[in-house]
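Participant: coords please:
(one chain, ligands or ions: 1)
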Amino acid sequence: MRIKFILPALTEATSPFFRPIKYSLFPPLGLATLAAYCAPSDQLTLVDEHVETLRCDDDPELVVIQVYITNAQRAYEIADVYRARGCKVALGGLHVTALPDEAAQHADAVCCGPGEEIFPRLLADMRAGRLQARYVAQARSLLGVPPIRRDLIKRSLYLVPNSIVVSRGCPHHCDFCYKDAFFTGGKGFYTQTVDAALAEIERLPGRHLYFLDDHLLGHQRFAQALFAGMRGMGRLFQGASTVDAILRGDTIEHAAAAGLRSIFIGFESLSDANLKASNKGQNLRQDYRQAIERLHGLGIAINGSFVFGLDDDREDVFERTVEWAVTQGLTTATFHVATPYPGTAYHARIEAEGRLLHRDWRRYDTRHAVFTPRHMSAATLERGYWRAYRDFYRWSNIARAASRGGAFAHRLRRFAYAAGWKKFEPLWDLLIRTRRLAGMLPLLEGILDRPAPAASSPTVADVRTGEAS
Ligand code: SF4
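Facilitator: I've put the predicted structure just below:
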């Protein structure tokens with residue numbers, strides 16, 4: 001069977017004038033994972049519109065499109081073109097799971113929930129000529145998942161080709177989290193076996209890895225066994241965690257010994273009222289400062305994530321948050337305008353209160369205010385969001401943040417990382433256009449590299465012995 005996998009681009013990423021680096025970071029791992037279920041005789045193509053031009057003048061028998069909220073309109077356009085050409089189109093992903101009836105208007109089949117169990121079923125039905133209109137994930141497990149078809153990924157087009165996911169979902173349930181909504185109605189968090197995860201890591205060339213798991217430290221025993229298995233591999237990696245997991249036990253020391261060099265943390269808000277209202281209890285009563293000091297002591301850089309516009313936020317929230325992030329020594333910060341994604345409890349609440357402004361999904365991109373905030377106007381919220389980015393990434397603040405916490409070499413690396421990320425956007429654009437992005441990977445590795453910490457941590461055998469007892 002001829003099967004084409006497509007990741008449509010966000011509207012702005014198709015601009016001929018500028019290619020933000022954030023769209024050329026990671027390859028479409030989800031689609032390459034689904035491709036692994038295809039038969040060896042199938043003819044497969046995978047197109048990521050963020051980094052290459054999509055042509056729709058071919059004739060695949062099945063087109064599989066990954067849809068998330070801001071690319072939904074583009075995904076539907078592509079689906080309509082292929083259906084008009086007589087191809088079968090299957091749509092899946094976060095947005096399809098949230099709004100299957102909307103997606104169904106543009107598809108022969110919609111897939112709700114994670115694809116590991118759905119997609120083999122869909123393929124079998126397609127081969128038998130009995131494609132169903134809707135597939136809903138019935139079982140959730142990563143046992144026996146075949147190796148990702150990385151051969152379909154054009155590695156040279158990405159800064160971080162070695163992205164990897166060893167779990168699905170998250171043990172927490174923040175009410176604004178779009179990903180949490182994806183796993184509603186079933187197991188919300190599950191992992192690969194440690195052996196399968198280590199085997200996938202072994203298959204990846206080079207040193208650098210980026211774990212795209214929502215919460216890499218979410219299952220402490222799994223994480224410790226994984227990190228024990230990675231010791232001695234000479235890897236450098238980045239990942240995401242929560243504050244409470246960093247403060248609990250010594251998993252973060254295991255991670256550092258295995259090569260963790262930077263971590264994404266969802267601080268989200270400095271207001272307890274906001275955290276409580278968002279069901280983000282894992283951040284409540286946590287000592288952010290202690291977590292940050294611990295990470296700096298281990299030579300781990302921090303990318304802090306913050307949401308603006310929650311109900312306890314007033315107009316001073318932008319300045320206060322930036323100042324806090326700088327004085328705490330965060331290396332990079334990711335700011336978001338609060339966005340009520342369909343399918344989340346947050347969306348239901350804002351909609352019930354009559355505060356949704358529109359349903360133009362292209363603007364549900366965490367940069368636009370799509371609802372009326374409680375204590376400021378939508379325009380003030382958007383202005384404050386942009387100001388926060390400008391202020392955090394001023395040269396003076398990059399230098400000030402890098403000067404806080406950790407050894408001198410760690411501070412220098414953090415300065416280089418933040419400056420390289422945000423102060424050279426035209427250079428990133430040039431590298432993307434000239435297809436030389438992959439040449440920057442050694443530089444990234446050089447910035448992240450440092451001698452392994454002296455502290456000893458257990459081997460994978462030790463961890464498994466502990467697990468058995
Ligand atoms: S901790 Fe992060 S990934 Fe997990 S539910 Fe909350 S926002 Fe989502």
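Participant: can you map out the helices along the stretch 351-469 of the chain?
Facilitator: Along the stretch 351-469 of the chain, counting by DSSP state H, counting those that start in this stretch, helices occupy 378-392, 395-402, 408-422, 425-433, 441-448, 460-468.
Participant: list the buried residues of the third one.
Facilitator: With burial defined by 16 or more other Cβ atoms under 10 Å, the residues of helix 408-422 counted as buried are 410-411, 413-418, 421-422. To be clear about C-beta, it is placed using only N, CA and C from the backbone, and glycine gets the same treatment.
Participant: which parts of the stretch 101-250 of the chain sit against the ligand?
Facilitator: Counting by Cβ under 6 Å from any ligand atom, the stretch 101-250 of the chain comes close to the ligand at 170, 172-174, 177, 179-180, 214-215, 242.
Participant: pick the one among the residues you listed closest to P147.
Facilitator: P147 lies nearest to D214 out of those, by Cβ to Cβ, at 21.9 Å.
Participant: that closest one: what's it in contact with?
Facilitator: Neighbouring residues of D214 by Cβ atoms under 8 Å, 6 or more residues apart in numbering: 167, 169-170, 179, 240.
Participant: what score does it have for pLDDT?
Facilitator: pLDDT recorded at D214 is 95.
Participant: again with F18
Facilitator: pLDDT for F18: 59.
Participant: on that earlier part again, would you turn the helices of the stretch 351-469 of the chain into TSV with mean pLDDT and distance to the ligand?
Facilitator: TSV is the format used below for the helices of the stretch 351-469 of the chain (pLDDT from 0 to 100; distance: least, Cβ to the nearest ligand atom, whole Å):
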stretch	mean pLDDT	distance to the ligand
helix 378-392	97	18
helix 395-402	96	23
helix 408-422	90	21
helix 425-433	82	27
helix 441-448	86	23
helix 460-468	39	24
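Participant: tell me which of the ones you listed lies nearest to I21.
Facilitator: Taking Cβ to Cβ, helix 425-433 is the member of the helices of the stretch 351-469 of the chain nearest to I21, at 3.9 Å.
Participant: got the CA coordinates for the closest one in CSV?
Facilitator: Extracted C-alpha coordinates of helix 425-433, given in CSV (Å, rounded to 0.1, in the frame of the first residue of the first chain):
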residue,chain,number,x,y,z
GLU,A,425,17.6,34.4,15.1
PRO,A,426,18.7,35.7,11.7
LEU,A,427,21.6,33.3,11.8
TRP,A,428,19.3,30.4,12.6
ASP,A,429,17.1,31.5,9.7
LEU,A,430,20.1,31.4,7.3
LEU,A,431,21.2,28.0,8.6
ILE,A,432,17.7,26.6,8.0
ARG,A,433,17.5,28.0,4.5
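Participant: in three-state terms, label the nearest residue to D58 once chain neighbours are set aside for me.
Facilitator: Using Cβ to Cβ, 6 or more residues apart in numbering and skipping the chain neighbours, the partner closest in space to D58 is K4 (7.1 Å). Put simply, K4 is strand when judged by DSSP: H, G, I helix; E, B strand; the rest coil.
Participant: and A72, what element?
Facilitator: A72 belongs to helix 72-84 when assigned by DSSP states H and E.
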